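> the sequence and its predicted three-dimensional model are supplied below.
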Amino acid sequence: MKNFLSTALFTLVVSLMYTGVAQFLPQLESHPPANAELGSDIGPEELAPIGAEVFAANCVQCHKAGETGRAPDISSIGSHASQRAAVRSTESGDSFTEIDYLVEALCKPGDYLVEGYGNIMPPQGKVLSGGQILAVVAYLQDQGGTATVKGTDIDPIKRFNCVVGGGGGGEGPAKKVAVGPPAKIYEKFGCSGCHSVDSPERKIGPSLHDVGKRLTKAELYESLLDPDGTLAVGDPPFAAGVMGDTLKGNGFYDQMTPADFQALVDWLAGLKG
């Protein structure tokens, strides 16, 4: 009985001690990114700070000002957007403004890739509202340039299939038709942007050139269907969710047929280094 009372008293004292210490620690709160209503009478001065919050919550893992790696440096994109829009107009035969170019880069990133970078960015219309897209555009314009986009600039959101008023894909799931040989799958869904197959050197993710030695076919299936189930050791380590979000955003799970999965796993299992 004496031991029980001693244990109970000790537990109570420890609990009170931690409770008291917690009162002196700064209380951290988690706030979701700010939103902006698409079509509202809001100007670039108000949109840009909202865009900075949205960018910090969704984009900095790949895009860091002054740094290049898995994605281009965005520190001066505002000064280059008009020039790139002109190039886009010439190459496509369609008219592109600076705002068009930036909205397309967010909503259909695979349509125009900066030289040297793979198609690894998920379409942001699947996760951001139309208003948030325009807010990020304002923030990007401010990086070396001047924000001009307004909340009433709805046309680019419609043009590039960003859903007006809320996150979600503009076109819905693609019909499942066989994608093609594994090498095409590897390029189409941005795998080559993060993983090499011809060299043991690590890119953003681990090299796949000897993955057939390291993983069984069952493990390869698991790596594709549940990329965050087992994470390879990285230097620096990358947060969970990057591969899964990239594949999902690029339509991998919508478009891959069972035959595509089998062919891709057989191909990866054959990579012995």
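In hand now; what should we look at?
> let me see the mean pLDDT of stretch 88-96.
The pLDDT scores in stretch 88-96 average 91.
> buried residues of that stretch, list them for me.
For stretch 88-96, the neighbour count (16 or more other CB atoms under 10 Å) marks 88, 96 as buried. Glycine gets a C-beta too; all of them are placed from N, C-alpha and C.
> all further residue positions should be reported with the first residue as 26.
Let's use 26 as the start, then, which means that last one is stretch 113-121.
> need the residues that contact that stretch.
With CB atoms under 8 Å, 6 or more residues apart in numbering as the test, stretch 113-121 has contacts from 110-111, 125-126, 129, 137.
> before we move on, what about stretch 127-134?
With CB under 8 Å, 6+ apart as the test, stretch 127-134 has contacts from 102, 106, 113, 121, 136-137, 144, 146-150, 153, 158-159, 161-162, 165-166, 174, 181-182, 184-187, 195.
> distance from the chain centre to it, please.
12 Å (CA atoms, centre = their mean, to the nearest Å).
> quick one: contacts for residue 238?
Each residue near residue 238 by CB under 8 Å, 6+ apart is listed here: 297-298.
> that's a strand at it, yeah?
No - read with DSSP: H, G, I helix; E, B strand; the rest coil, residue 238 is helix and lies in no strand.
> where does pLDDT dip in the chain?
For the chain, applying pLDDT under 70 flags the ranges 26-59, 90-95, 188-201, 259-265.
> which residues in the stretch 176-298 of the chain form helices?
Along the stretch 176-298 of the chain, counting by DSSP state H, counting those that start in this stretch, helices occupy 180-184, 207-213, 216-219, 236-239, 242-250, 267-274, 277-280, 283-294.
> flag every buried residue along the first one.
Within helix 180-184, the residues that count as buried by 16+ other CB under 10 Å are 181-182.
> which secondary structure elements does it contact?
For helix 180-184, the packing partners by 3 or more CB pairs under 8 Å, 6 or more residues apart in numbering; DSSP states H and E come out as helix 123-132, helix 155-166.
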